[in-house]
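Student: Sequence plus predicted model, see below.
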Amino acid sequence: MAAAVRVRIAPSPTGDPHVGTAYIALFNYVFAKKHAGQFILRIEDTDRARSTPQSEAAILRALRWVGLTWDEGPDIGGPCGPYRQSERAAIYQREIGTLVASGAAYRCFCSAERLDAVRSEQRRENRFVGYDGLCRGLAPAESEARAAAGEPFVIRLAMPRTGETVFVDRLRGEVKFDNAQIDDQVLVKTDGFPTYHLANVVDDHLMGISHVIRAEEWLSSTPKHVALYQAFGWQAPEWIHMPLLRNADKSKISKRKNPVSLDYYRAAGFLPEALVNYLGTMGWSISGDREKFTVAEMTDAFSWDRVSLGGPVFDLVKLSAMNADYLRALSDAEIVARLRGWRLSDEFLQSLVPLVRARIARLDEFVPMTEFFFAGDLDYAAVARELLPKNRSPKEVADILVAYVEALDGERDFSAVALEQATRAFCEKSGWTTKEVFMLVRLGISARKATPPVFETLAAVGCDLARRRLRLCAEFVKKLPAPQPAPAEVATAKDTR
RNA sequence: GGCCCCAUGGUCUAGCGGUUAGGACGGCGCCCUCUCACGGCGUAAUCUCGGGUUCGAUUCCCGAUGGGGUCACCA
């Protein structure tokens, strides 16, 4: 008598659609389908400073692109809506009320300064770092009075101070935490919005989530969630923490060391079915000698017993090889259709025409002139000389390129006008001349010293490909030999290598 | 640093007490071939270490080491 399976993916719309979201979504999706359950999409936008509707839209689009469609979600509704946490404020308010009333949670009036001071002292003394519980002893009447008087406060969970919290992770077995090691987590922020911990638990319960399948980074906050379920008197779901995708150096996958946006993979010409297959081989195997499978085949064969917990390194080379397999299996006509759905669309070609029409004398010049708009990674060897402006070292150039990419990360508007404005601001801040930076950007995104205007070009290349190329370009520059130092310096340099 | 998780070639993995430790990517070599690629064949490369348990440990237990995560009014 297996209970109904209801699982969810709960992304936070605060940036690009993340490959890790697709990874976790895949396992949720497959598990749901395996057990004829529901796969739910819930948008966790309680960080009102960072959440954006554009990001939410991008996440939905990307998840659809990889084919992981949901049974309930903010766009299609369902019996447990709304599916966007920002629209569920009344629910959290109601639920936290019961916790405050029962004493399982309490108001905390401590200032950020005081919390900082407490924490830094704890850190200095190498002790457990967490809230010291000052406001926990406040008399209910005083707490009420101060709140009524308009004093700002957060609401914290009153964690049990003794004993231990034990829960079962489906993949690891029993995991135990000493309660004294668990912080009195903030559940409601000063702005009245719930934190992840509260909203997540309340929604999972109200939406009937049976299995929480999420990334391992959540493992150490699970005892807080377990404590919350206990405080509410609710039955906790089953916990399943998937291993984290890793960079080549084994650290948690990150945009500094790996393309991480699903939009990049689409723009770079990966097929969604290949990407999703590859993600299915991260920490999971269908059998000993097979690694190519569809989502449907993965569903048929799925079992948690086939999960391995060592954090898998995400390898673009291996992904590309798998992508090649999928590509070759397509018919000629299908490949043409894919190309048209990618960049060889009328729409994209038309967007390029204004950039080149004044620069071409014959049609045949269009292709060579626009070649880099249709490429993935570029080779900078031919422009190596140009990449080092006068009096700039390889390291300086590499650093400025990386700084520029990071500045671009905050850019929501990727139009030529906005990009020019942002880039000029960047130059002002960094002290580099626009002449230097504009040329470096041009070289980075095109590997050419002559192109249509940089910002139009940048906008057309697109932010995902552009970021990838600029980072690669930075790496290329870093390896360039430094310009010839003055002879005197050579004579005295002894620690060159 | 405290707490928690993890550990098979460079990478993804199979293995669930006795195997010549299997497959894939990548590397190298050969074949195919007008070139390149595809394809085929071959090859080098792995059980982190130390204790147990056992007739026997890659496999089970403990410890060490190493790696990772987490310690926010971000998720």
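Tutor: Cool, the structure landed. Being a predicted model, the structure only gives us computed values, none of them experimental.

Student: burial count for A:Arg328?
Tutor: 8 (other C-beta atoms under 10 Å). C-betas here are computed from N, CA, C, even on glycine.

Student: Next secondary structure after the host helix or strand of A:Thr165?
Tutor: Remark: A:Thr165 resides in strand A:164-169, with elements defined by DSSP states H and E. Counting by DSSP H and E, the element after strand A:164-169 in chain order, helix or strand, is strand A:173-178.

Student: the helices in the stretch 251-400 of chain A, which residues?
Tutor: Here the stretch 251-400 of chain A has its helices, by DSSP state H, counting those that start in this stretch, at A:262-267, A:272-280, A:295-301, A:316-328, A:332-341, A:346-356, A:366-370, A:394-409.

Student: which parts of the stretch 1-150 of chain A sit against RNA strand B?
Tutor: Contact residues (C-beta under 7 Å from any atom of the strand) of the stretch 1-150 of chain A with RNA strand B: A:10-12, A:14, A:44, A:46-47, A:50, A:110-112, A:115, A:119, A:126, A:128-131.

Student: I'd like to know which of those residues are buried.
Tutor: The neighbour count (16 or more other C-beta atoms under 10 Å) marks A:Ala10, A:Pro11, A:Ser12, A:Thr14, A:Glu44, A:Thr46, A:Asp47, A:Cys110, A:Leu115, A:Gly130, A:Tyr131 as buried among those.

Student: so which two of the residues you listed are the farthest from each other?
Tutor: Maximum pairwise distance among those (C-beta to C-beta): 31.1 Å, between A:Pro11 and A:Cys110.

Student: Can you give me every residue that contacts the residue nearest to A:Leu408 when sequence neighbours are not counted?
Tutor: In space, and not counting its chain neighbours, A:Leu408 is closest to A:Arg467: 6.2 Å by C-beta to C-beta, 6 or more residues apart in numbering. Shown in contact with A:Arg467 (C-beta atoms under 8 Å, 6 or more residues apart in numbering): A:Lys255, A:Pro259, A:Tyr264, A:Val405, A:Leu408, A:Asp409.

Student: Tell me how far the nearest residue to the second one once chain neighbours are set aside lies from A:Leu378.
Tutor: Put plainly, it is A:Pro259. Nearest residue to A:Pro259 in three dimensions, chain neighbours excluded: A:Arg468, at 5.2 Å (C-beta to C-beta, 6+ apart). From A:Arg468 over to A:Leu378 the distance is 10 Å, taken as C-beta to C-beta, to the nearest Å.

Student: ok and the residue in chain A nearest RNA strand B?
Tutor: In chain A, no residue comes nearer to RNA strand B than A:Gly288, which is 2.6 Å away by C-beta to the nearest atom of the strand.

Student: Show me what the residue lying closest to A:Trp70 once chain neighbours are set aside is bridged to.
Tutor: Of all residues not flanking A:Trp70 in the chain, A:Leu41 sits nearest, at 4.0 Å (C-beta to C-beta, 6+ apart). Bridge pairing for A:Leu41 (DSSP bridges) gives the partners A:Ile9.

Student: A:Thr222 is nearest to which of the helices of the stretch 251-400 of chain A?
Tutor: Comparing the helices of the stretch 251-400 of chain A against A:Thr222 with C-beta to C-beta, the closest turns out to be helix A:272-280 (23.2 Å).

Student: contacting residues around that closest one?
Tutor: By C-beta under 8 Å, 6+ apart, the surrounding residues in contact with helix A:272-280 are A:19, A:22-23, A:26, A:30, A:65-68, A:262, A:265-266, A:286, A:291-295, A:298, A:318-319, A:322-323, A:325-327.

Student: any idea of the angle that helix forms with helix A:316-328?
Tutor: Comparing the axes of helix A:272-280 and helix A:316-328 via axes from the mean of the first three to the mean of the last three C-alpha atoms, to 10 degrees yields an angle of 140 degrees.

Student: and A:Asp204, how many neighbours?
Tutor: A:Asp204: 25 neighbours (other C-beta under 10 Å).

Student: my bad, A:Ala358
Tutor: Applying other C-beta under 10 Å, I find that A:Ala358 has 7 neighbouring residues.

Student: and if you look at A:Leu355?
Tutor: Neighbours of A:Leu355 (other C-beta under 10 Å): 19.

Student: Which pLDDT does the model give it?
Tutor: With respect to pLDDT, A:Leu355 scores 97.

Student: quick one, what contacts it?
Tutor: With contacts defined as C-beta under 8 Å, 6+ apart, A:Leu355 is in contact with A:Thr370, A:Pro452, A:Pro453, A:Glu456, A:Thr457, A:Ala460.

Student: change it to 10 Å
Tutor: Residues in contact with A:Leu355, defined by C-beta atoms under 10 Å, 6 or more residues apart in numbering, are A:Met369, A:Thr370, A:Phe373, A:Ala416, A:Thr451, A:Pro452, A:Pro453, A:Glu456, A:Thr457, A:Ala459, A:Ala460.

Student: how about these in CSV, adding distance to A:Pro152?
Tutor: What follows is the contacts of A:Leu355, written out as CSV (distance: C-beta to C-beta, whole Å):
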residue, distance to A:Pro152
A:Met369, 59
A:Thr370, 56
A:Phe373, 51
A:Ala416, 43
A:Thr451, 52
A:Pro452, 52
A:Pro453, 49
A:Glu456, 47
A:Thr457, 48
A:Ala459, 43
A:Ala460, 47
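
Student: so where do the helices sit in the stretch 101-250 of chain A?
Tutor: Going by DSSP H, counting those that start in this stretch, the stretch 101-250 of chain A shows helices at A:112-124, A:140-148, A:196-206, A:222-232.

Student: Of those, flag the one that's most buried.
Tutor: helix A:196-206 (a mean of 22; mean count of other C-beta atoms under 10 Å).

Student: residues from the stretch 251-400 of chain A in reach of RNA strand B?
Tutor: A:251-252, A:281-285, A:287-291, A:305-306, A:308-313, A:315, A:317-318, A:321, A:325, A:328.

Student: Which members of those are classed as buried?
Tutor: The neighbour count (16+ other C-beta under 10 Å) marks A:Thr281, A:Met282, A:Gly283, A:Trp284, A:Ser285, A:Gly311, A:Pro312 as buried among these.

Student: Most widely separated two among the contacts of A:Leu355?
Tutor: A:Met369 and A:Ala416, at 17.9 Å, using C-beta to C-beta across the contacts of A:Leu355.

Student: For A:Leu138, give its distance to A:Leu401.
Tutor: For A:Leu138 relative to A:Leu401 (C-beta to C-beta), the value is 52 Å.

Student: quick one, which of these two is more surrounded?
Tutor: A:Leu401 (26 against 17).

Student: Using CSV, list the CA coordinates for stretch A:141-154.
Tutor: Written as CSV, here are the backbone C-alpha positions of stretch A:141-154 (Å, rounded to 0.1, in the frame of the first residue of the first chain):
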residue,chain,number,x,y,z
ALA,A,141,3.5,40.0,27.3
GLU,A,142,6.7,42.0,26.7
SER,A,143,7.1,40.4,23.3
GLU,A,144,3.6,41.4,22.4
ALA,A,145,4.0,44.9,23.7
ARG,A,146,7.3,45.6,21.9
ALA,A,147,5.8,44.2,18.6
ALA,A,148,2.7,46.3,19.1
ALA,A,149,4.9,49.3,19.7
GLY,A,150,6.3,48.8,16.2
GLU,A,151,9.7,47.6,17.1
PRO,A,152,11.1,45.5,14.2
PHE,A,153,11.5,41.8,14.9
VAL,A,154,12.1,38.4,13.3
